[in-house]
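**Student:** Quick one: sequence plus predicted model below, questions after.
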Amino acid sequence: RADGTPLEGYTNYPRLVTGTRGGWIQTKKNEFDQGVLENVTTTETGEVVLSKVCPDGDLILNGATTTLSGEKYYCNVQLTNGAILYTSSTEILRIHAISIYIDSTSRIDGDGRGYAGAPRADGCGTRQDGQGPGAGTGGYATVNDNGPGGGGGGYGGGGGNGGGATLNGARDFYEGIGGSSYGSSSDESLYLGSGGGAGGDSCRSGSTGYGGAGGAGGGAIFLDAETINIAGTITMKGQNGENGYLGDTDGTGGGGGGSGGTILIKGKNITITGTLDVRGGNGGARSGTRGGAGGGGAGGRIKIFAESLDEELATYLYAGGTNGGPSGAAPAAQDGQAGTLFTQQRTYVSPMYPDFGRIASQVFDTNYDRAAFIKLSWMEELPSGCDITFEVRASNSSFGKDSPTPEWISLGTQNSPVTSSLPVGR
């Protein structure tokens, strides 16, 4: 069956010999193994199942460090003895496997590897925004004001707005605005966290500082396996915003924090005793006493889909980042909003199986030219979306199990038993 559970076997009744109905039964491993098997395996009890396919082999990290991106299909994934698996910057990592194990000393790390935060704002009136669908905007000043704070990135919630700067006459600054939430808390979508906006540079005469850079968003990881045991840490946190920098007495703004990313886990039997972390980055502090603090980045999203989930000892972290502290003037910098946690029990079907499998029996010779198939019957249990197609062939001329002739006759996806359109031959 396509979900890897046993197929009961099938029974053929292909011959009529000297007026007596005979039977040809295949229910044992050695009987099936005499045929031609493609993408299927047989068990000692005569069950036929699709084979698991692992084109990328195993991923075994014993105290080692590596970086991966893209989509991988492993048989076994093991991270032990302080191993670290980094996700590539700005890329989502998808790992499919039969089993995944992360011990208590090891981790998968995508902190700050989502959408980029804004670069430093160096110059009066310069606005530097973060990147991503929930990017925070940069704070900036004009004319003669100090630099306000940058907005935090949004994702699982909204990013926090940056704080205001000390006025010098009319209000000539524009604090950064926190980014909006996006994506869904309850489906299998995967998004990177968004970057925070930069704090504003000061427009005061003689200022030699800069507004702090925005923090990058967190990365995104998808783990998909029949058995998953996480005793260590998976972290996809947003990066903190940079503090404003000042070379004289005026003020510049702190950068907004990046939003947390995504941890999506799907499996049959999942045990989590470690930590899953998608917290947003903190806003950067102002420089001096006149700049504005950066807003906090929003938390990301944790989503778990499992047939069986043991999470009694799990730690889930998805809070928004805190603001960068006091600001030179109103409005105060804001914290990022919390992200989301979603778990759901559902039937699991492994992606490690091929799209199809084929098993052709050995050739059975009745030694009787007038023999004919009378009935073909079998037992099956199939998950939704899967089916079995039977083909038969017969001839009065000898042929091998690998022979291209005689042609196979398809019986389609009929229900058992089939008694028509069956060929004649010994």
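**Tutor:** Looks like it arrived, so ask away.
**Student:** I'd say residue 242 and residue 256 touch.
**Tutor:** No: contact criterion CB atoms under 8 Å: residue 242 and residue 256 do not qualify, at 9.8 Å. Where C-beta positions appear, they are placed from N, C-alpha and C, glycine not excepted.
**Student:** Same drill for these two, tell me which one is more crowded.
**Tutor:** Higher neighbour count among residue 242 and residue 256: residue 256, with 59 against 29, using other CB atoms under 10 Å.
**Student:** so that one, which of the three states?
**Tutor:** What DSSP: H, G, I helix; E, B strand; the rest coil gives for residue 256 is coil.
**Student:** so what's it up against?
**Tutor:** Residue 256 sits next to 117-118, 130, 136, 149-153, 159-160, 162, 176, 178, 196-199, 214-215, 241, 283-284, 294-297 when contact means CB atoms under 8 Å, 6 or more residues apart in numbering.
**Student:** Next up, the contacts around residue 398.
**Tutor:** Shown in contact with residue 398 (CB under 8 Å, 6+ apart): residue 365.
**Student:** rewinding a little: what is in contact with residue 242 and residue 256 at once?
**Tutor:** Counting by CB under 8 Å, 6+ apart, the shared contacts of residue 242 and residue 256 are 199, 214-215, 284.
**Student:** with those in mind, which one is nearest to residue 263?
**Tutor:** Nearest to residue 263, judged by CB to CB, of those is residue 215 at 18.5 Å.
**Student:** Would you check that the closest one makes contact with residue 237?
**Tutor:** No: counting by CB under 8 Å, residue 215 stays clear of residue 237, with 9.5 Å between them.
**Student:** Tell me which of these two has more neighbours.
**Tutor:** Neighbour totals were compared for residue 215 and residue 237, and residue 215 leads with 41 against 32 (other CB under 10 Å).
**Student:** what separates the more buried one from residue 358, distance-wise?
**Tutor:** Using CB to CB, to the nearest Å, residue 215 is found at 53 Å from residue 358.
**Student:** packing partners for the strand or helix carrying residue 100?
**Tutor:** Taking DSSP states H and E as the criterion, residue 100 maps to strand 93-102. Taking 3 or more CB pairs under 8 Å, 6 or more residues apart in numbering; DSSP states H and E as contact, the helices and strands that strand 93-102 lies on are strand 70-73, strand 76-80, strand 220-230.
**Student:** Now do the very next helix or strand once past it: which elements does it pack against?
**Tutor:** Sequence order places strand 107-109 as the next helix or strand after strand 93-102, per DSSP H and E. With contacts taken as 3+ CB pairs under 8 Å, 6+ apart, strand 107-109 sits against strand 84-87, strand 233-235.
**Student:** partners of the helix or strand following strand 107-109 in the sheet?
**Tutor:** Using DSSP H and E, the helix or strand that follows strand 107-109 in sequence is strand 140-141. Strand 140-141 pairs in its sheet with strand 173-174 (antiparallel), by DSSP bridges.
**Student:** Contacts for the strand it pairs with, please.
**Tutor:** 127, 139-142, 145-148, 164-165, 167, 200, 292.
**Student:** Return the distance of it from the chain's centre.
**Tutor:** 39 Å (CA atoms, centre = their mean, to the nearest Å).
**Student:** now swap in stretch 302-309 and tell me
**Tutor:** Averaging C-alpha positions (CA atoms, centre = their mean) puts stretch 302-309 12 Å from its chain's average.
**Student:** List the buried residues for it?
**Tutor:** For stretch 302-309, the neighbour count (16 or more other CB atoms under 10 Å) marks 302-306, 309 as buried.
**Student:** Let's test this: mean pLDDT of stretch 381-396, rounded?
**Tutor:** When pLDDT is averaged over stretch 381-396, the result is 79.
**Student:** how far does it stretch from start to finish?
**Tutor:** Stretch 381-396 stretches 34 Å from its first residue to its last (CA to CA, to the nearest Å).
**Student:** and what of stretch 310-319?
**Tutor:** With CA to CA, one end of stretch 310-319 sits 22 Å from the other.
**Student:** tell me the mean pLDDT over it?
**Tutor:** Averaged across stretch 310-319, the pLDDT comes to 98.
**Student:** residue contacts, residue 337?
**Tutor:** Residue 337 makes contacts with 154, 156-160, 181, 298-299, 320, as judged by CB under 8 Å, 6+ apart.
**Student:** if we go to 6 Å?
**Tutor:** Contact analysis of residue 337 by CB atoms under 6 Å, 6 or more residues apart in numbering lists 157-158, 298, 320.
**Student:** can you tell me the helix or strand for it?
**Tutor:** Using DSSP H and E, no element contains residue 337; it sits outside every helix and strand.
**Student:** I'd like the distance between it and residue 261.
**Tutor:** For residue 337 relative to residue 261 (CB to CB), the value is 15 Å.
**Student:** Correct me if wrong, but residue 30 is in a strand.
**Tutor:** No: secondary structure of residue 30 (three-state DSSP): helix, not part of a strand.
**Student:** Pull the number of nearby residues for it.
**Tutor:** Using other CB under 10 Å, the number of residues around residue 30 comes to 10.
**Student:** Do you know the pLDDT at it?
**Tutor:** The predicted local confidence for residue 30 is 70.
**Student:** same check, this time on residue 21
**Tutor:** Per the predicted model, pLDDT is 40 at residue 21.
**Student:** One more: residue 328?
**Tutor:** According to the prediction, residue 328 has pLDDT 92.
**Student:** and what of residue 249?
**Tutor:** With respect to pLDDT, residue 249 scores 60.
**Student:** right, and residue 329 touches residue 168 too?
**Tutor:** No: using CB atoms under 6 Å, residue 329 is not in contact with residue 168; the gap is 10.4 Å.
**Student:** residue ranges with poor pLDDT in the stretch 101-250 of the chain?
**Tutor:** Applying pLDDT under 70 to the stretch 101-250 of the chain flags the ranges 205-207, 247-249.
**Student:** switch to 80 and redo it
**Tutor:** Scanning the stretch 101-250 of the chain for pLDDT under 80 picks out 168-170, 204-208, 247-250.
**Student:** ok so, going back, could you pick out the buried ones from the contacts of strand 173-174?
**Tutor:** If we count by 16+ other CB under 10 Å, the contacts of strand 173-174 have these buried: 127, 139-141, 145-148, 164-165, 167, 200, 292.
**Student:** And these, which is closest to residue 376?
**Tutor:** residue 127 (73.8 Å).
**Student:** ok, the closest one touching residue 139?
**Tutor:** No: taking contacts as CB under 6 Å, residue 127 lies outside contact range of residue 139: 7.5 Å.
**Student:** Quick check: which element contains the closest residue to residue 253 other than its chain neighbours?
**Tutor:** Leaving aside its sequence neighbours, residue 253 sits nearest to residue 199 (CB to CB, 6 or more residues apart in numbering; 2.6 Å). Using DSSP H and E, residue 199 maps to neither a helix nor a strand.
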